[in-house]
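Provided below for reference: sequence and predicted model.
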Amino acid sequence: MINVKEHISQLIAEAVGQLGWDEAGTEYELTEAVRPEFGDFTTNFAMVAAKSLGQSPRQIATDLAGAIAGLTSRYVDDVEVAGPGFINFRCSLEWLYEEIRLAVTMGAASYARSNLGKGQSLLLEFVSANPTGPLHVGNGWWASYGDALGRLLRFVGYEVSTEYYVNDTGGQIRQLGESMLAVMEGREVPEGGYRGEYVRTMAERYRGERDVTAIGKFAADEIIKVIRLSLEELGIEFDTWYSQASIEESGAVDHVISVLERQGFIEEVEGQKLFLSTRFGDSRDRYLTKPNGDFTYLAGDIAYHYDKLVVRGFEHVIDIFGADHQGQVPSLFAAVEAFGCERSRLEILLGQMVSLQQGGEKVKFSKRKGNVVDLAELVELIGASAVRLLSLQSSIDRASTIDIEQVTTKSMENPVYYIQYAHARMAAIERMRKERKIPEPKLGEADLTLLVHPRELELLRVQARLDEVIANAAVERAPHKLVGWLKDFAGAFHGFYHDCSILGEGPEITAARLLLVDSSRVAIQVVLGLLGVHAPEQM
RNA sequence: GCCCCCGUAGCUCAGGGGAUAGAGCGCCGGCCUCCGGAGCCGGGCGCGCAGGUUCGAAUCCUGCCGGGGGCACCA
């Protein structure tokens, strides 16, 4: 079994050689044709090489197409020049049937896998919301993104660990403790404190000492349990939960500061440690300690990254931040460089802000009751699959607005049903096959060349794109491209299902179509799995 | 003031150097004696503005306009 595109690339290389052109380094593209009359694949070779060959694109294309046509190929039926100098390849349908064989023999566990990552170890940190309250819908959006990205990178051959960095120390936790103490003593919650219902609930359950630090720790631990649970309900589990407090207690922060000091990147200013991050392109130097001697947040974060890159030694580290944290990006990169790591080993992905509205009205992410801003509530309402697919539809580079009303009441706007329905139909066909006692088709016996209906071919074409879609989504850290593929694929399947009777047109065509359905099912399961969306047997 | 992201159809968003820019929703019409109609088919003078690079720009560069987010010894 071969990859047609590689095959065509070889033909091009061979033809170029025959023509005596020295164009080995030409960065041309070989892409799927955008329209049927352009064949199956297209290359822009002639346009790209025009300058260095000193000939017109049309002339180059004509010569090259002629040379390629002289080569024998099992897959390429026809080569022609079109437009400004495109070379279009028309292929026999065999390459599409190969896709069925691949999918059916490999199954959902290995079909479309690759080894782009070459086993590189990678730490993916995401969500990391402060344990001062339950997760809101916005957290869930990025959580789905991070989880899908992790699955995707694992699928293409990275050795991925996922991690949640727990900010279980510092001012916000103290604030949380003070808010709870105030509730317990019947006082007004202090300015800037936490006043959600959950604070009251925890206060009622607390039995320990009336000490702000102890209470804060208790509360953070309780909230982490809640967070963990709502993530699990979304289908997300982390390999590790990494405690900020533990880093500070272990002396790792002191250690990393001494590392920076030895390199001469720390200056003492009135007893405070100042990291000279401007030397590494930051817009200002950053304090690592406060006047009272406490570490700043950045100090802990630097120690945390030192731990990831140096102590634990991950080859590559990805952080997913909200755009509201972009300010810390230059400082972190400065620190990474200062403690002696290649900048490129750290990758920070910024998700643009997620906001909520309810029937046109903006809704604040307040922790008050009433609005469905709580992630767990939304998951309960529309299900994990719907939440995940909804959040994975668009790029994280775009600030998105979630309309609670639209998402919850007019759920037809959610493509999850359309996509899952395609899978449920595939499963239904299999049930019907058994019910009608139609024999299970065998790859070696069935005649796949019976699959010539435009709907069948369209379905296979979409499926054949999957490799590239996955690779692209992984490289661009863009799992939403998988959703785009799913929509196309589900659409192609529904069209096929509508126009082609699978079980009713005689045993030969039935066998071929059943294999096509099997193949489709493998493909869709792979992608649903990457997104963490359930593939239902029936709906 | 400086930095990051985004302006694509009425709305929500894909496409991010290639040949005629797409989908969903909404709106208007069709399609079930037949494997699930949560489906299928048809209906669309839309890339914020102005320059530039290129054989070719929605896509890359510059400027402007508009929206979001940053610019802490907070987290």
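Looks like it arrived, so ask away.

all contacts plus neighbour counts: C-alpha atoms, from now on.
Noted.

tell me which stretches of the stretch 151-300 of chain A form helices.
A:171-184, A:197-205, A:212-233, A:244-250, A:252-262, A:297-306 (DSSP state H, counting those that start in this stretch).

out of the ones you listed, which gets nearest to A:Y111?
Closest approach to A:Y111 among the helices of the stretch 151-300 of chain A (Cα to Cα): helix A:212-233, 26.8 Å.

now the angle from the closest one to helix A:171-184?
Helix A:212-233 runs at 100 degrees relative to helix A:171-184, counting by axes from the mean of the first three to the mean of the last three Cα atoms, to 10 degrees.

for the helix or strand of chain A with the lowest mean pLDDT, packing partners?
For chain A, counting by mean pLDDT, DSSP states H and E, strand A:361-363 ranks last in confidence among helices and strands (a mean of 76). Helices and strands touching strand A:361-363, as assessed by 3 or more Cα pairs under 8 Å, 6 or more residues apart in numbering; DSSP states H and E, comprise strand A:354-358.

in the least confident helix or strand of chain A, what counts as buried?
Under the neighbour-count criterion of 16 or more other Cα atoms under 10 Å, strand A:361-363 has A:V363 buried.

please see if it touches RNA strand B.
No - applying Cα under 7 Å from any atom of the strand, one finds strand A:361-363 separated from RNA strand B by no less than 11.4 Å.

return whatever helix or strand comes next after that strand as CSV; C-alpha atoms alone will do.
Per DSSP states H and E, the first helix or strand lying C-terminal to strand A:361-363 is helix A:375-382. Output in CSV follows, covering the C-alpha atoms of helix A:375-382 (Å, rounded to 0.1, in the frame of the first residue of the first chain):
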residue,chain,number,x,y,z
LEU,A,375,-18.7,24.5,33.6
ALA,A,376,-20.1,21.5,35.5
GLU,A,377,-23.7,22.8,34.9
LEU,A,378,-23.2,23.3,31.2
VAL,A,379,-21.7,19.8,30.9
GLU,A,380,-24.6,18.4,32.8
LEU,A,381,-27.0,20.3,30.6
ILE,A,382,-25.7,19.5,27.1
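
could you say what helices and strands helix A:375-382 packs with?
Counting by 3+ Cα pairs under 8 Å, 6+ apart, helix A:375-382 packs on helix A:137-155, helix A:212-233, helix A:404-409.

adding distance to RNA strand B and mean pLDDT, write those helices out as JSON lines.
Shown next, in JSON lines, are the helices and strands packed on helix A:375-382 (distance: least, Cα to the nearest atom of the strand, whole Å; pLDDT from 0 to 100):
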{"stretch": "helix A:137-155", "distance to RNA strand B": "12", "mean pLDDT": "96"}
{"stretch": "helix A:212-233", "distance to RNA strand B": "11", "mean pLDDT": "95"}
{"stretch": "helix A:404-409", "distance to RNA strand B": "8", "mean pLDDT": "80"}
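
which of the ones you listed sits closest to A:G532?
Nearest of those to A:G532, taken as Cα to Cα: helix A:137-155 at 6.7 Å.

so what strands line up beside the least confident helix or strand of chain A?
Its sheet considered, strand A:361-363 pairs with strand A:354-358 (antiparallel) by DSSP bridges.

relative to helix A:137-155, how tilted is the partner strand?
Using the same axes, to 10 degrees: strand A:354-358 against helix A:137-155 is 130 degrees.

what mean pLDDT does strand A:354-358 get?
Averaging the model's pLDDT scores along strand A:354-358 yields 85.

and that strand, how far out from the chain middle?
Chain-centre distance of strand A:354-358: 22 Å, with Cα atoms, centre = their mean, to the nearest Å.

cool, and stretch A:473-480?
6 Å.

again, but for stretch A:178-187
With Cα atoms, centre = their mean, you get 42 Å for stretch A:178-187.

same check, this time on stretch A:55-68
Per Cα atoms, centre = their mean, the centroid offset for stretch A:55-68 relative to its chain is 41 Å.

do it and RNA strand B come into contact?
No - residues of stretch A:55-68 are not located near RNA strand B by Cα under 7 Å from any atom of the strand, the shortest gap being 7.9 Å.

now that stretch: buried residues?
A:P57, A:R58, A:I60, A:A61, A:T62, A:D63, A:L64, A:A65, A:A67, A:I68.

hmm, A:T43 is touching A:T31, no?
Yes - A:T43 lies in contact with A:T31 (Cα atoms under 8 Å); the separation is 6.4 Å.

what about these two, which has more around it?
Neighbours were counted for A:T43 and for A:T31 using other Cα atoms under 10 Å; A:T43 has more, 23 against 13.

give me phi/psi at that one?
phi -130, psi 150 (degrees, to the nearest 10).

for it, what are its contacts?
The contact partners of A:T43, by Cα atoms under 8 Å, 6 or more residues apart in numbering, come to A:Y28, A:E29, A:L30, A:T31, A:F86, A:I87, A:N88.

and after the one helix or strand the last one maps to, which helix or strand comes next?
What that stands for is A:N88. A:N88 belongs to strand A:86-91 when assigned by DSSP H and E. Next helix or strand after strand A:86-91 toward the C-terminus (DSSP H and E): helix A:94-106.

measure how buried A:E197 is and give me the count.
Other residues lying near A:E197 total 12 when counted by other Cα under 10 Å.

can you list the residues of the stretch 351-500 of chain A near RNA strand B?
So far as Cα under 7 Å from any atom of the strand goes, the stretch 351-500 of chain A lies against RNA strand B at A:352-353, A:393-401, A:412-415, A:417-418, A:421, A:424-425, A:428-429, A:432, A:480-481, A:484, A:487, A:491-492, A:494-500.

same deal with the stretch 151-300 of chain A?
A:167, A:169-172, A:283, A:285-291, A:295-298.

could I get stretch A:394-402 in CSV with only the CA atoms?
Taking C-alpha atoms only, stretch A:394-402 is exported to CSV below (Å, rounded to 0.1, in the frame of the first residue of the first chain):
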residue,chain,number,x,y,z
SER,A,394,-12.9,27.6,16.1
SER,A,395,-9.3,28.7,16.4
ILE,A,396,-8.0,29.8,19.8
ASP,A,397,-6.6,32.8,18.1
ARG,A,398,-10.1,34.2,17.9
ALA,A,399,-11.9,35.7,20.8
SER,A,400,-15.1,33.8,21.1
THR,A,401,-18.4,34.5,22.6
ILE,A,402,-20.6,31.8,23.9
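
other residues contacting it?
A:L350, A:G351, A:Q352, A:M353, A:V354, A:S355, A:L356, A:Q357, A:A478, A:H480.

with neighbour count added, can I get those in CSV?
Formatted as CSV, those follow (neighbours: other Cα atoms under 10 Å):
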residue, neighbour count
A:L350, 18
A:G351, 22
A:Q352, 18
A:M353, 17
A:V354, 21
A:S355, 16
A:L356, 21
A:Q357, 16
A:A478, 22
A:H480, 22
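
filter the contacts of A:T43 by proximity to RNA strand B?
Checking the contacts of A:T43 against RNA strand B (Cα under 7 Å from any atom of the strand), the matches are A:F86, A:I87, A:N88.

which of these lies closest to A:E94?
For those, the nearest to A:E94 is A:N88 (17.5 Å; Cα to Cα).

give the bridge partners for that closest one, please.
According to DSSP bridges, beta-bridge pairing links A:N88 with A:T42, A:E80.

dump the residue contacts of A:S144.
So A:S144 contacts A:L234, A:I236, A:R388, A:S391, A:L392, A:L531 (Cα under 8 Å, 6+ apart).

residues near the closest residue to the last one other than its chain neighbours, how many?
Counting by Cα to Cα, 6 or more residues apart in numbering, the nearest residue to A:L531 once its immediate chain neighbours are dropped is A:A148, at 4.9 Å. Using other Cα under 10 Å, A:A148 is surrounded by 26 other residues.

likewise A:A82?
14.

gap between it and A:K5?
Distance, A:A82 to A:K5, by Cα to Cα, to the nearest Å: 19 Å.
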